[in-house]
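1. attaching a predicted model along with its sequence, questions to come.
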Amino acid sequence: MDTRRREVEMAANLTEVARHAGVSIATASRAFGEPDRLAPATLERVRRSAVELGYATPQVAAGTRTIAVVVPDAANPVYATLLKAIQGQAWHGRHRIVLFDADEDLRRERESIELGCRTDGLVLCSPRLPEDEVRALVRDTPHVVINRVLPGAVCVVMDAERGPTQAVEHLSALGHDHVAYASGPHGSWADEQRAGAVARACERFGIRLTRLSHYAASIQGGRAGAAAAVASGATAVIAYNDLVALGLEAGMAELGRVCPDDISIVGIDDIDLAGAVTPSLTTVRMPIARSGTLAVELLLQAMVGGTPMDATVLPSQLIVRSSTAPPRAPRR
C-alpha cells in the first residue's frame, strides 16, 4: 500500500470531526459545503477540529468522480429539488452526475442501479425495491440512500415522525375527530413511516383514522382518491405528499366539497407550489435540499475509506397555512 493511500485511510472522517467539534454531522457538513449558513464561531470550531484531526474534505480527497443518482420519478418536484442540491454539492469538487429515472417501475429501477454501479458511486433516492435486492445489486459499490433506512448502508433520512405527529396534533386542536390518510405508492418506505406516525398520533389524540388506498405520488393520484376521501366521512385528510394533497383538493372541488370549509387537507414535503395555491397548503416541511447536499458529502467520504454509520435523520416541521380549519360539524 502506498503512503498516500495509507494516509487517506487513516484520516478522520466527517463523523469524527462532528463529534470533536460538538456539532451534528449536518452542521459539520455545512462547514465545508455551505459555510455561509453557519455562525462564524461554529464554522471556526468545525474547521479547527478538521485541522487537528487531519480531515481532508471529500472533494479534495476523492478527486473528480462520476456519481449515479437513481430517482423514482424525475418529474416529481421533490426529486427535482434533490437533484439540484446533489448537483450543486458535487459541483464544488467538479464531480459528474449521471441521472437515472426509474419512472416508478421496479424493473427500470433494477436496471438503473445495475448501470449506476459502473460509476464511482451511487445515490439512491427512495428506492422501491426490496432491501435484500438493493443490497445484492449495489454489492461493494460506494452508495448512500436518501429517505430510506437500509441496514449497513449510509443513509440520510427525512424525519417521518415529528412533522406528521404535529399535523395530527394540529387537526385535533382544531376539533377534528376523524382523519383519513391517503397513502402513496406501493413499496414506498417513506409512506410506511408516515402512515405509521399518523396512526400512532391518532391513537394518542383519540382520533378515528381511515387509511385510504395507495395512490400515485402525483396530482392525478390525489384526484383518484378524492371520492374515497369524501366517502370516508373524515373531516380532514393527511396526504402522502403535497402533490397528492393538491390532487385531493382539486378532485373534491369537482365533487362539490370546498377546502377547508368542508374538509381540511394536509400535505407533506412543502414544495414551492404548496404556498402558492389558494388555499395555501398546510404541510410538513421536509429537509429535501439538505438531504441531497449531505448525501453527496457522505458518499464522497465513503469513496475515500469512510465507514458506514447509523442513519442520519434530518428534522421535519409542520407549516400551518390556509387549507386547515375547524370542522363544520360539532365534535361528538
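-> Now that the structure is in, tell me what you want to look at.
2. C-alpha from now on. contacts and neighbour counts both.
-> Noted.
3. would you map the helices across the stretch 1-150 of the chain?
-> Counting by DSSP state H, counting those that start in this stretch, the segments of the stretch 1-150 of the chain that form helices are 3-10, 14-21, 25-33, 40-53, 58-62, 77-92, 106-116, 131-138.
4. counting contacts, what elements does the third one pack onto?
-> Right, the one you point to is helix 25-33. helix 14-21, helix 40-53, helix 288-303 (3 or more C-alpha pairs under 8 Å, 6 or more residues apart in numbering; DSSP states H and E).
5. how far out from the middle of the chain is that helix?
-> 18 Å (C-alpha atoms, centre = their mean, to the nearest Å).
6. export that helix as CSV, just CAs?
-> Taking C-alpha atoms only, helix 25-33 is exported to CSV below (Å, rounded to 0.1, in the frame of the first residue of the first chain):
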residue,chain,number,x,y,z
ILE,A,25,-23.0,15.7,11.2
ALA,A,26,-25.2,18.0,9.2
THR,A,27,-23.6,21.1,10.8
ALA,A,28,-20.1,19.7,10.1
SER,A,29,-21.1,19.1,6.5
ARG,A,30,-22.2,22.7,6.1
ALA,A,31,-18.8,23.9,7.2
PHE,A,32,-17.4,22.5,4.0
GLY,A,33,-20.3,22.7,1.6
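7. what's in contact with that helix?
-> Contact with helix 25-33 is made by 14-15, 17-18, 37-38, 43, 46-47, 57, 89, 92, 293-294, 297, 312, as judged by C-alpha atoms under 8 Å, 6 or more residues apart in numbering.
8. which one of these is nearest His170?
-> Among the contacts of helix 25-33, Thr312 lies closest to His170 (C-alpha to C-alpha), at 26.7 Å.
9. and that closest one, what does it touch?
-> The contact partners of Thr312, by C-alpha under 8 Å, 6+ apart, come to 25, 155-157.
10. and what of Ala199?
-> For Ala199, the contact set (C-alpha under 8 Å, 6+ apart) comprises Leu209.
11. how much space between it and Leu300?
-> Ala199 sits 37 Å away from Leu300, going by C-alpha to C-alpha, to the nearest Å.
12. quick check: buried residues in the helix or strand containing Gly196?
-> According to DSSP states H and E, Gly196 maps onto helix 189-205. For helix 189-205, burial by neighbour count (16 or more other C-alpha atoms under 10 Å) applies to 189-202.
13. how about the helices of the stretch 151-300 of the chain, start to end?
-> So, for the stretch 151-300 of the chain - with DSSP H, counting those that start in this stretch - the helices run 162-174, 189-205, 219-232, 242-254, 288-303.
14. nearest to Ile268, of those helices?
-> Among the helices of the stretch 151-300 of the chain, the nearest to Ile268 by C-alpha to C-alpha is helix 242-254 (5.2 Å).
15. burial count for the closest residue to Glu114 other than its chain neighbours?
-> Closest residue to Glu114 apart from its sequence neighbours, by C-alpha to C-alpha, 6 or more residues apart in numbering: Leu137 at 6.3 Å. The local packing of Leu137 (other C-alpha atoms under 10 Å) involves 16 other residues.
16. doesn't Ile113 make contact with Leu137?
-> Yes. Using C-alpha atoms under 8 Å, Leu137 is in contact with Ile113, at 6.8 Å.
17. returning to that earlier point: any chance of the buried residues of helix 189-205 in CSV, plus pLDDT and distance to Leu273?
-> Shown next, in CSV, are the buried residues of helix 189-205 (pLDDT from 0 to 100; distance: C-alpha to C-alpha, whole Å):
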residue, pLDDT, distance to Leu273
Trp189, 95, 24
Ala190, 96, 21
Asp191, 97, 21
Glu192, 96, 24
Gln193, 97, 24
Arg194, 98, 21
Ala195, 98, 23
Gly196, 98, 26
Ala197, 98, 25
Val198, 98, 23
Ala199, 98, 27
Arg200, 98, 29
Ala201, 98, 27
Cys202, 98, 27
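18. any idea which of those is closest to Asp177?
-> Using C-alpha to C-alpha, those come closest to Asp177 at Cys202, 8.8 Å.
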